[in-house]
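Student: curious how this folds, go ahead:
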Amino acid sequence: MRVILAFVLFAFVAVAEEPTKQVKIVPIGPRADHMMNGQQLYREYCAVCHGRAGKGDGPAAAALKMPPADLTTLATSHGGKFPTFAVGVTIKGEQSVTAHGTRDMPVWGPVFRQMSANERLGELRVANLVKFLETMQVK
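Tutor: Next comes the predicted model:
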């Protein structure tokens, strides 16, 4: 009986001490200021949560309160038309759905604008990323 009790106590302590999953925040890399390609931007900034194929299964997804969206079904969930404008304002952080609670997804608009002295390049980065996301849609 003592052996079983000791095992149960050990198992409880082991579960209680399991570290919580966290997303590591790292600064923008030095080569980022030249990054303009939508696919490159996706791999660098989005794939960690949304996964390489956009299914919402990236390595950091498990640490989030809400699972990341499956980006391959955006057109399907909008009547077969890719929601270009809505995706762009979501990436830039200009649209928030308060019913969904706090926003886990980083606001990339200011980050992309601050990558170079020309802030308009930030808008181009967002546009290129949105165009790439459109290519990921399931047919």
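Student: list the residues that contact residue 124.
Tutor: Counting by C-beta atoms under 8 Å, 6 or more residues apart in numbering, residue 124 touches residue 36. Just so you know, the C-beta spots here come from the backbone N, C-alpha and C atoms, and that holds for glycine as well.
Student: what helix or strand is it on?
Tutor: According to DSSP states H and E, residue 124 maps onto helix 120-135.
Student: do residue 111 as well
Tutor: Residue 111 belongs to helix 108-113, assigned by DSSP H and E.
Student: rounded mean pLDDT for the helix holding residue 124, please.
Tutor: Averaging pLDDT along helix 120-135 gives 95.
Student: flag every buried residue along it.
Tutor: 121, 122, 125, 126, 128, 129, 130, 132, 133, 134 (16 or more other C-beta atoms under 10 Å).
Student: what separates the last one from residue 125, distance-wise?
Tutor: Right, the one you point to is residue 134. Residue 134 sits 15 Å away from residue 125, going by C-beta to C-beta, to the nearest Å.
Student: least confident secondary structure element in the chain?
Tutor: Using mean pLDDT, DSSP states H and E, helix 2-16 stands out as the lowest-scoring helix or strand of the chain, at a mean of 38.
Student: nothing else from me, thank you.
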